[in-house]
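K.L.:
Need the 3D shape of this:
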Amino acid sequence: MPENASKSSIEATRDYGATVELLPDAVAAFARADEWAEQGRTALHPFDNAEQIAGNGLIALEIMQDCPTLTDIIVSIGGGGLIAGIISAVKAAKPDVRIWGVEPDTAPTMRRALDAGEIVNIKPASLSATLSAPFVGEAALDLCREHLEDLILVSDLDMIAAQQYFIKREDLCPELAAASTLAAAERIKDRLPAYAQLVLLICGCNDSAEDVAGYAKLLESGGA
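P.N.:
Okay, the predicted model is just below:
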């Protein structure tokens, strides 16, 4: 795992009985996984495999069941496995629903890929570990190219401010990746019609208490 993985994710993985090897960043972690695969281990890619994408599509089915009048949904993008599943399910059932992506402006993996027309390797610099994939999956790129309404870039401070809103107003503590959807909503709200039924996909709560406290201090200092 990359060294910036959340402490809760690292500890939970160890509790399941795994040996966790920490690498400097996600690029090194993927490279080490490839080494293990070459030695005969089975690789379960975290975002670029059909089974994982299909599993994520179940989230969209539940959302559409709970909110049949859905018109828009915002989904965060790391490696793209989550949004690939959402797009696949939503567009199959409700092709008129607009799907918006969001990623950190310091980890614009999908943005770079869309601009280049192909997968691009980057060095992400966001505080959000789960939105810091060094590249996006091929399936996600194809689906986003065809179906994404727009891709919104937000800063780490935007995500922290959104996280603090959820904590103080909604009694939730989503990780930065999940809070990014609210930050994106602030950017696009004037572009939505009055009848819009907007869903924010809150995809995880893996930031530790220490992480959240540190983010809050960073916000108070204006990022200094």
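K.L.:
residues in contact with Pro108?
P.N.:
Each residue near Pro108 by C-beta atoms under 8 Å, 6 or more residues apart in numbering is listed here: Ile122, Leu153. For every residue, glycine as well, the C-beta is placed using N, CA and C.
K.L.:
Can I get the longest helix anywhere in the chain in CSV, CA atoms only?
P.N.:
Counting residues, the longest helix found in the chain (DSSP state H) is helix 50-66. Provided in CSV are the C-alpha atoms of helix 50-66 (Å, rounded to 0.1, in the frame of the first residue of the first chain):
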residue,chain,number,x,y,z
ALA,A,50,-14.9,-6.1,-14.9
GLU,A,51,-16.1,-7.8,-11.7
GLN,A,52,-15.2,-4.8,-9.5
ILE,A,53,-16.9,-2.4,-11.9
ALA,A,54,-20.0,-4.6,-12.0
GLY,A,55,-20.1,-4.6,-8.3
ASN,A,56,-20.0,-0.9,-8.2
GLY,A,57,-22.9,-0.8,-10.5
LEU,A,58,-25.1,-2.2,-7.8
ILE,A,59,-24.7,1.0,-5.9
ALA,A,60,-26.3,2.8,-8.8
LEU,A,61,-29.2,0.3,-8.9
GLU,A,62,-29.9,1.0,-5.2
ILE,A,63,-29.7,4.8,-5.7
MET,A,64,-32.2,4.6,-8.6
GLN,A,65,-34.5,2.5,-6.5
ASP,A,66,-34.4,5.0,-3.6
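K.L.:
What strands flank whichever helix or strand comes after it, and is each parallel or antiparallel?
P.N.:
Counting by DSSP states H and E, the element after helix 50-66 in chain order, helix or strand, is strand 72-76. When pairs are called by DSSP bridges, strand 72-76 turns out to pair with strand 98-104 (parallel), strand 198-200 (parallel).
K.L.:
Wait, a helix at Tyr195?
P.N.:
No. Assigned with DSSP: H, G, I helix; E, B strand; the rest coil, Tyr195 falls outside any helix and is coil.
K.L.:
Check the contact between it and Leu70; I expect there is one.
P.N.:
No. Between Tyr195 and Leu70 there is no contact under C-beta atoms under 8 Å: 11.7 Å.
K.L.:
ok, the two, which is more surrounded?
P.N.:
More crowded of Tyr195 and Leu70, by other C-beta atoms under 10 Å: Leu70, with 20 against 7.
K.L.:
list the contacts for that one?
P.N.:
Leu70 neighbours (C-beta under 8 Å, 6+ apart): Ile63, Met64, Lys94, Val97, Gln197, Val199.
K.L.:
What of Arg111?
P.N.:
Contacts for Arg111 (C-beta under 8 Å, 6+ apart) come out as Glu103, Leu151, Leu153.
K.L.:
one more time with 10 Å
P.N.:
Arg111 makes contact with Ile77, Gly101, Glu103, Pro104, Asp105, Val120, Ile122, Val136, Cys144, Leu151, Ile152, Leu153 under the criterion C-beta atoms under 10 Å, 6 or more residues apart in numbering.
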